[in-house]
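Chemist: Fold the following and give me the result.
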Amino acid sequence: MSASGLTAAVFSVSSSLVASAKCRGQCGFLRKPELLALKPLRSFRKTLISPSRKDTVAMALISKPLEVCVKASTTTPNTIGDCPFCQRILLTLEEKHLPYDMKLIDLAKKPDWFLKINPEGKVPVLNLEDQWISDSDVIAQLLEEKYPEPSLATPPEKASVGSKIFSTFISFLKSKDPNDGTEQELLKELGSFNDYIKENGPFVNGKGLSAADLSLAPKLYHLEIVLGYYKKWSVPESLPYVQSYMKSILSLESFQKTRAQEDDVIAGWRPKVLG
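Modeler: Presented below is the predicted three-dimensional model:
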């Protein structure tokens, strides 16, 4: 098959699976890592990963595209929805040059087949060797283990860099009191990240992208859009390294290919703002 033919086959999406989604909570926000599979995580890893298989895996060696279920757009048919955890997994697949078959799931009207493989009904979900796996943390880790090249591994001591930005962003977004300190907490976390990137950047693990960047980037994208829309707020000029980091990572080809539309991001966060 030609390269163009492979690309067309890999990235085709079944339109019958696409519709609008209404429930943001089903994207797995701020939940603990868990594994939805036919085998426990430890057992599954023993089956899937062995030392002899931790070799460089080229795209051509993948026997078939990896199936991945992600949230569908609430505004536009056949379009990726606004779940940052889903985008994280799509980014991982893109940066590892792994072929995938993306299935867009209407979270307001989930197909029976989807609930059969994933009774909790949350996304993202990825199929690895006939095992359906949920939770972006677990999926990203297993992809790194099974397909170690190109490496996206983040050293343990750097894995938590910027990890509090998302929760402080949500607190500030939901706040109705300008004096409750939530803006200051967000600025504190962004300030710490600014200082870190200044000394260690341009990415979390230095010169190359890592899993930490692919987790953080979709969240910063949501932060930029939602705080700008609902609070007329933006990352201040006093944090130039945060600004340059966002500009660099949000302009990546892989990010542009997998990002949600701004209208979806705004609509997805509306219940948290109004609720």
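
Chemist: end-to-end on stretch 128-145?
Modeler: Length of stretch 128-145, first residue to last, C-alpha to C-alpha, to the nearest Å: 12 Å.

Chemist: now swap in stretch 249-257 and tell me
Modeler: Its start and end residues considered, stretch 249-257 measures 12 Å (C-alpha to C-alpha).

Chemist: so who does T258 touch?
Modeler: T258 makes contacts with 80, 87, 90-91, 94, as judged by C-beta atoms under 8 Å, 6 or more residues apart in numbering. Glycine gets a C-beta too; all of them are placed from N, C-alpha and C.

Chemist: nearest to L227, of those?
Modeler: Closest approach between the contacts of T258 and L227, by C-beta to C-beta: Q87, at 18.1 Å.

Chemist: Quick check: chain neighbours aside, which residue is closest to that closest one?
Modeler: P218 (4.2 Å; C-beta to C-beta, 6 or more residues apart in numbering).

Chemist: again with I80
Modeler: Distances taken as C-beta to C-beta, 6+ apart place A260 nearest to I80, at 5.7 Å, with adjacent residues excluded.

Chemist: count of residues packed around the one you found?
Modeler: Neighbours of A260 under the rule other C-beta atoms under 10 Å: 28.

Chemist: Would you mind measuring from G206 to V226?
Modeler: Distance, G206 to V226, using C-beta to C-beta, to the nearest Å: 29 Å.

Chemist: Which of those two has more residues huddled nearby?
Modeler: Neighbour totals were compared for G206 and V226, and V226 leads with 23 against 12 (other C-beta under 10 Å).

Chemist: mind listing what's buried in the one helix or strand that one maps to?
Modeler: Using DSSP states H and E, V226 maps to helix 211-231. Of all the residues in helix 211-231, those buried under the rule 16 or more other C-beta atoms under 10 Å are 211-227, 230.

Chemist: How about stretch 235-244?
Modeler: Buried, per 16+ other C-beta under 10 Å, within stretch 235-244: 235, 239, 241-243.

Chemist: Over to it now: how far is its first residue from its last?
Modeler: Stretch 235-244 has an end-to-end distance of 11 Å (C-alpha to C-alpha).

Chemist: Please state the offset of that stretch from the chain centre?
Modeler: 23 Å (C-alpha atoms, centre = their mean, to the nearest Å).
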